[in-house]
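> Okay, structure incoming, though there's no sequence with it:
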């Protein structure tokens, strides 16, 4: 016989947090995927503060994974012309993307202010006791000329130009929207907690492309790639595009992981900007590096993807950014597609109950009239 009290304990209000975590909160994706014990989640920590923009990671990724070059139709067949960035964004043919962002001193000042605001405690609006040495801020005189301390000053000691460089990659989310919507099972969760596409199972429907909050995954175009140009009267060497017509993205070098190797991008990074290891270790290293930069006065530094309550349950790829996520083309508040399911079900239940009430009232009213 089922223990009623035990059922209430498991399915009652106290279990809501567990269910919410299964949709968008903190959870262990390896356990949820049924891999059992003995497996450890792997991930990246990308420290953008030491990235030099060499693009070695892009090249290594393309070489190892046989990712084709950009197609002629992409970007209109033209070079982007935006700084030194010619890949533009992640996609089926770009699994690692190095962004180049040029900033003026005033943008650095705003970045430091926004970063400092993130580390401040939240004000509850409670009254506080004033310090003895605290003075009122000077008020503008009657003539409207502000006090000297109220005048905005030019940044002193800041570089005339600041370069932000960041190697972006698939986030391998704890709750992956692409994985949730795949109708064929082409996307699966590996024993390392990563998300991989099985090209031979994918039907190219594109549902995963729309469901990714980071715009990472894309559908690769069919076509022919030139392996060697025509030379000395010989025809060009061409081949069919690998995995054309299906969804493609970073696999975190799954084939290398199963052999105990480091992903190609992390292996080739000359500054160790891209670090690889156990996910928990990567998050710990990210927090240590953040504290180090803050101690050095770099208040603009902040972490991205290390918060398990960020809307996707945290990401397998953690980043240390030197400005707001939007500056790097990252969404400030990513949300997985399953995040709003409880609200949707609640609203559907309310609507259904209301419709049932209307129907019942019509039957009751009709019976009284007869």
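All right, it came through fine. Remember, it's a predicted structure, so these values are computed and weren't measured experimentally.
> Identify the bridge partners of residue 167.
Beta-bridge pairing for residue 167 (DSSP bridges): residue 98.
> since we're on it, how many residues are nearby?
Residue 167: 27 surrounding residues under other C-beta atoms under 10 Å. (Each C-beta comes from the backbone N, C-alpha and C, glycine too.)
> quick one, what contacts it?
Residues near residue 167 by C-beta atoms under 8 Å, 6 or more residues apart in numbering: 46, 48, 51, 57-58, 96-99, 265, 269, 273-274.
> Likewise for residue 326?
Contacts of residue 326 by C-beta under 8 Å, 6+ apart are residue 332.
> one step back: mark which of the contacts of residue 167 are part of helices, please.
Assigned to helices by DSSP state H, the following of these qualify: 57-58, 265.
> could you redo the residues you listed as a markdown table and give each row distance to residue 251, neighbour count and pLDDT?
Listed next are the ones in helices among the contacts of residue 167 as a markdown table, based on distance: C-beta to C-beta, whole Å; neighbours: other C-beta atoms under 10 Å; pLDDT from 0 to 100:
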| residue | distance to residue 251 | neighbour count | pLDDT |
| --- | --- | --- | --- |
| 57 | 14 | 27 | 96 |
| 58 | 15 | 19 | 94 |
| 265 | 11 | 27 | 97 |
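> Closest one to residue 26 out of these, please.
Among those, residue 265 lies closest to residue 26 (C-beta to C-beta), at 26.7 Å.
> Leaving out the residues flanking it, which one is nearest to that closest one?
residue 57 (3.8 Å; C-beta to C-beta, 6 or more residues apart in numbering).
> And that neighbour, how far from residue 173?
Counting by C-beta to C-beta, to the nearest Å, the gap from residue 57 to residue 173 is 20 Å.
> ok, the contacts of residue 167 vs residue 308, which is closest?
For the contacts of residue 167, the nearest to residue 308 is residue 46 (18.3 Å; C-beta to C-beta).
> would you turn the ones in helices among the contacts of residue 167 into JSON lines with distance to residue 300?
Formatted as JSON lines, the ones in helices among the contacts of residue 167 follow (distance: C-beta to C-beta, whole Å):
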{"residue": "57", "distance to residue 300": "23"}
{"residue": "58", "distance to residue 300": "25"}
{"residue": "265", "distance to residue 300": "25"}
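> Buried only: go through the contacts of residue 167 for me.
46, 48, 51, 57-58, 96-99, 265, 269, 273-274 (16 or more other C-beta atoms under 10 Å).
> Could you dump the residues you listed into a markdown table with distance to residue 31 added?
Formatted as a markdown table, those follow (distance: C-beta to C-beta, whole Å):
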| residue | distance to residue 31 |
| --- | --- |
| 46 | 26 |
| 48 | 31 |
| 51 | 33 |
| 57 | 30 |
| 58 | 33 |
| 96 | 29 |
| 97 | 31 |
| 98 | 34 |
| 99 | 34 |
| 265 | 27 |
| 269 | 30 |
| 273 | 31 |
| 274 | 27 |
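> Rank those residues by pLDDT and give me only the lowest.
pLDDT across the buried ones among the contacts of residue 167 is lowest for residue 99, at 91.
> was I right about it contacting residue 90?
No - between residue 99 and residue 90 there is no contact under C-beta atoms under 8 Å: 10.1 Å.
> shared neighbours of these two, anything?
With C-beta under 8 Å, 6+ apart, residue 99 and residue 90 have common neighbours residue 168.
> In contact with residue 245, which residues?
Contacts of residue 245 by C-beta under 8 Å, 6+ apart are 204, 219-222.
> Apply 6 Å and report the result again.
Residue 245 makes contacts with 204, 222, as judged by C-beta atoms under 6 Å, 6 or more residues apart in numbering.
> three-state assignment of it?
Assigned with DSSP: H, G, I helix; E, B strand; the rest coil, residue 245 falls in the coil class.
> Can you pull the phi/psi pair for it?
phi 80, psi 0 (degrees, to the nearest 10).
> repeat for the one 3 residues further on
Note on residue 248: its backbone torsions stand at phi -140, psi 150 [degrees, to the nearest 10].
> Against residue 243, how distant is the residue nearest to it when sequence neighbours are not counted?
Of all residues not flanking residue 248 in the chain, residue 92 sits nearest, at 4.0 Å (C-beta to C-beta, 6+ apart). To residue 243, residue 92 is 8 Å away according to C-beta to C-beta.
> Comparing the two, which shows the higher neighbour count?
Remark: of residue 92 and residue 243, residue 92 carries more neighbours, 25 against 18, as counted by other C-beta under 10 Å.
> and residue 277, what are its phi and psi?
phi 170, psi -160.
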